[in-house]
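Colleague: missing the sequence, but the structure's below:
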């Protein structure tokens, strides 16, 4: 196995290590803040754009049901589940809004890596991630404002502008490079997963390190809430997708996609639009839990994949986030 695959496949372990180190010695990561986080997410999104071609959109037209089902579940199951869990756990406003915010984010590109490891449908995963990311420009501000607006004053326009800046523009740039400068894209793309893993580890460590003291004081509830959010996403994503598509591999792929959020985007939006750093803590914890749950599912599903229809493995999964 190549060094790139070893580093990429070990993504959950690196995130867990960063979280523990940030709690023990925050200064290891807290230097990586402010615009560094925004730039890091932009680079991750650029790498995602480099994986996209016109063929992804042809796939939607030829087999729309799994894609439509997955996208609908992403933006119906997760935001309302985040709101319900925040209410049930009676989270303080910063944590509640932060949980709803990350629940309203699109699928993370780490889901592409996990689909690859689980021998699920990687092209379907990439297509869903692409569509939910593009829709996030409107959907993430809308759901956050709708569901969290009673808690605090949610700057919907600020969320919209930041989502446009850190998602749509880098992804579009990546697609353009991949389309018109294929040689350059081919040169950059192999390194994209490692770069993406490095940046998301730094982002998680930075946020947990910055909120260490207050997280240790009152963090048990928010940790449990984030875990329940993602466990619910994987469960309901699989159940509803299985009922809608009648396809085991598609259901597994959609489960991974719905259960994993773009936590890096949640961090950037929280830090840019809310004054209290605790708003970003659920997004940082989110990256840890969705990676652990998805890794466990991928290990189980990978062993049973031969029972179902065979899908060609891609040479390289999309970059993780």
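Modeller: That came through, no problem. All figures in this text were calculated on a predicted structure; none of them were measured in a lab.
Colleague: do you know how far residue 201 is from residue 234?
Modeller: 22 Å (CB to CB, to the nearest Å). For the C-beta atoms, the positions are set from N, CA and C on the backbone; glycine is no exception.
Colleague: cool, residue 240 as well?
Modeller: On the measure of CB to CB, residue 240 and residue 234 end up 12 Å apart.
Colleague: and for residue 88?
Modeller: Distance of residue 88 to residue 234, computed by CB to CB: 18 Å.
Colleague: compare those two (neighbour count), which wins?
Modeller: residue 234 (22 against 10; other CB atoms under 10 Å).
Colleague: for that one, which non-adjacent residue is spatially closest?
Modeller: Distances taken as CB to CB, 6 or more residues apart in numbering place residue 259 nearest to residue 234, at 3.5 Å, with adjacent residues excluded.
Colleague: count of neighbours near that neighbour?
Modeller: Count around residue 259 with other CB under 10 Å applied: 29.
Colleague: the one 4 residues further on now?
Modeller: Taking other CB under 10 Å as the criterion, the count of residues near residue 263 is 31.
Colleague: contacting residues around the closest residue to it other than its chain neighbours?
Modeller: Once flanking residues are discounted, residue 263 sits nearest to residue 287: 3.8 Å by CB to CB, 6+ apart. Contacts for residue 287 (CB atoms under 8 Å, 6 or more residues apart in numbering) come out as 15, 108, 110, 200, 203, 204, 263, 264.
Colleague: and if you look at residue 141?
Modeller: Counted by CB under 8 Å, 6+ apart, residue 141 has contacts 156, 157, 159, 160, 163.
Colleague: next: residue 82.
Modeller: 99, 100, 102, 103, 104, 147, 229.
Colleague: repeat that for residue 285.
Modeller: Here residue 285 is in contact with 19, 208, 222, 223, 226 (CB under 8 Å, 6+ apart).
Colleague: I figured the first one hits residue 206, correct?
Modeller: It stands for residue 19. No. At 11.0 Å, residue 19 does not count as touching residue 206 under the criterion of CB atoms under 8 Å.
Colleague: now residue 48: how far from residue 299?
Modeller: 24 Å.
Colleague: now swap in residue 260 and tell me
Modeller: For residue 260, the distance to residue 299 equals 15 Å [CB to CB].
Colleague: where do the strands of the protein begin and end?
Modeller: Using DSSP state E, no strands are assigned anywhere in the chain.
Colleague: can you show me the helices along the stretch 201-321 of the chain?
Modeller: For the stretch 201-321 of the chain, helices defined by DSSP state H, counting those that start in this stretch occupy the ranges 212-245, 248-259, 263-273, 281-304.
Colleague: model confidence score at residue 198, please.
Modeller: Residue 198 carries a pLDDT score of 84 in this model.
Colleague: and the contacts of residue 287, which is closest to residue 168?
Modeller: residue 264 (14.9 Å; CB to CB).
Colleague: wait, what's in contact with the closest one?
Modeller: Residue 264 neighbours (CB under 8 Å, 6+ apart): 37, 40, 41, 44, 108, 199, 200, 203, 283, 287, 321.
Colleague: let's go with 10 Å and repeat that
Modeller: 37-38, 40-42, 44-45, 105, 108-110, 166, 196, 199-200, 202-204, 207, 283-284, 286-287, 320-321 (CB atoms under 10 Å, 6 or more residues apart in numbering).
Colleague: what does residue 28 give?
Modeller: 18, 21, 22, 202, 205, 206, 209.
Colleague: what pLDDT does it get?
Modeller: Looking at residue 28, the pLDDT reads 90.
Colleague: do you know how far it is from residue 119?
Modeller: Residue 28 is 36 Å from residue 119, by CB to CB.
Colleague: where does the stretch 1-150 of the chain have low pLDDT?
Modeller: 1-2, 4, 8-9, 54-57, 59-61, 109, 116-117, 150 (pLDDT under 70).
Colleague: on that earlier part again, so between residue 48 and residue 299, which is more surrounded?
Modeller: The residue with more neighbours, out of residue 48 and residue 299, is residue 48; 28 against 11, by other CB under 10 Å.
Colleague: hmm, that one is touching residue 175, no?
Modeller: Yes. If you go by CB atoms under 10 Å, residue 48 and residue 175 touch, sitting 9.4 Å apart.
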